[in-house]
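Enquirer: I would like the atomic coordinates for the input below:
(chains A and B)
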Amino acid sequence: RKEVEQDPGPFNVPEGATVAFNCTYSNSASQSFFWYRQDCRKEPKLLMSVYSSGNEDGRFTAQLNRASQYISLLIRDSKLSDSATYLCVVSSASKIIFGSGTRLSIRP
Amino acid sequence: ETGVTQSPTHLIKTRGQQVTLRCSSQSGHNTVSWYQQALGQGPQFIFQYYREEENGRGNFPPRFSGLQFPNYSSELNVNALELDDSALYLCASTLGGTMNTEAFFGQGTRLTVV
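Expert: A predicted model of the protein is given here:
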């Protein structure tokens, strides 16, 4: 079993739709959680950190469920510019684990 | 731009050779981590350097080694290259030696082993 698992997609949704991604992790000692965005042939960039209380940044909402060991990302009112691969990232004291990424494609 | 620079941008090597990749961290950042990203996969953590010492390592064999210099720049060395080492190699810089803060990535070095 992979340490961090994501649905690879691709998700193909119309502009304006709401889309949700989930990610599960296996190490209960994990300390920090992030969502990164990676555009085609570019480096990953931080989208948002994920906190136990849940957090929101504009159209993006991230949630963490430590008991069930999963994190989620919700994108509301999706834009064409949201098309990218979304990477779930989980870190512990000694290593950082990226998921394989979920590809999102927004169509006009 | 993140301020993290990597060189070279592209490289072709022959199986069995050795390669050195370089990374300059963002100004003020004292921690550098390295990742291998195969096509269609997420980045795989190789190791992290903080204050010139390795302070975390992923599941990579010893032929993957690194250095960090007093100015916080870093090198990734790979010996005895294998075809499967072909990938995008990313470095990222952070502040503070932990793995719990935002990482700023360079644009990567694309290594092809033939």
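
Enquirer: hmm, the helix or strand of chain A with the lowest mean pLDDT in reach of chain B?
Expert: Across the helices and strands of chain A, mean pLDDT, DSSP states H and E gives its lowest value to strand A:96-98, namely a mean of 90. Yes: residues of strand A:96-98 contacting chain B under C-beta under 8 Å from any C-beta of the partner chain: A:Ile96, A:Ile97, A:Phe98. Where you see a C-beta, it was placed from the backbone N, CA and C, and this is true even at glycine.

Enquirer: can you put these in a markdown table and add distance to B:Val113 and neighbour count?
Expert: Rendered in a markdown table, the data for the residues of strand A:96-98 next to chain B read as follows (distance: C-beta to C-beta, whole Å; neighbours: other C-beta atoms under 10 Å in any protein chain shown):
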| residue | distance to B:Val113 | neighbour count |
| --- | --- | --- |
| A:Ile96 | 25 | 24 |
| A:Ile97 | 25 | 22 |
| A:Phe98 | 22 | 24 |
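
Enquirer: Kindly reformat those residues as JSON lines and extend each row with distance to B:Asp85.
Expert: Converted to JSON lines, those look like this (distance: C-beta to C-beta, whole Å):
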{"residue": "A:Ile96", "distance to B:Asp85": "20"}
{"residue": "A:Ile97", "distance to B:Asp85": "20"}
{"residue": "A:Phe98", "distance to B:Asp85": "18"}
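
Enquirer: Tell me the residues on chain B that lie near chain A, please.
Expert: Proximity of chain B to chain A (C-beta under 8 Å from any C-beta) is limited to residues B:2, B:33, B:35, B:40-45, B:48, B:55-58, B:90, B:99-103, B:105-108.

Enquirer: I'd like to know which of these are buried.
Expert: The neighbour count (16 or more other C-beta atoms under 10 Å in any protein chain shown) marks B:2, B:33, B:35, B:42-45, B:48, B:55-56, B:58, B:90, B:99, B:101, B:103, B:105-108 as buried among those.
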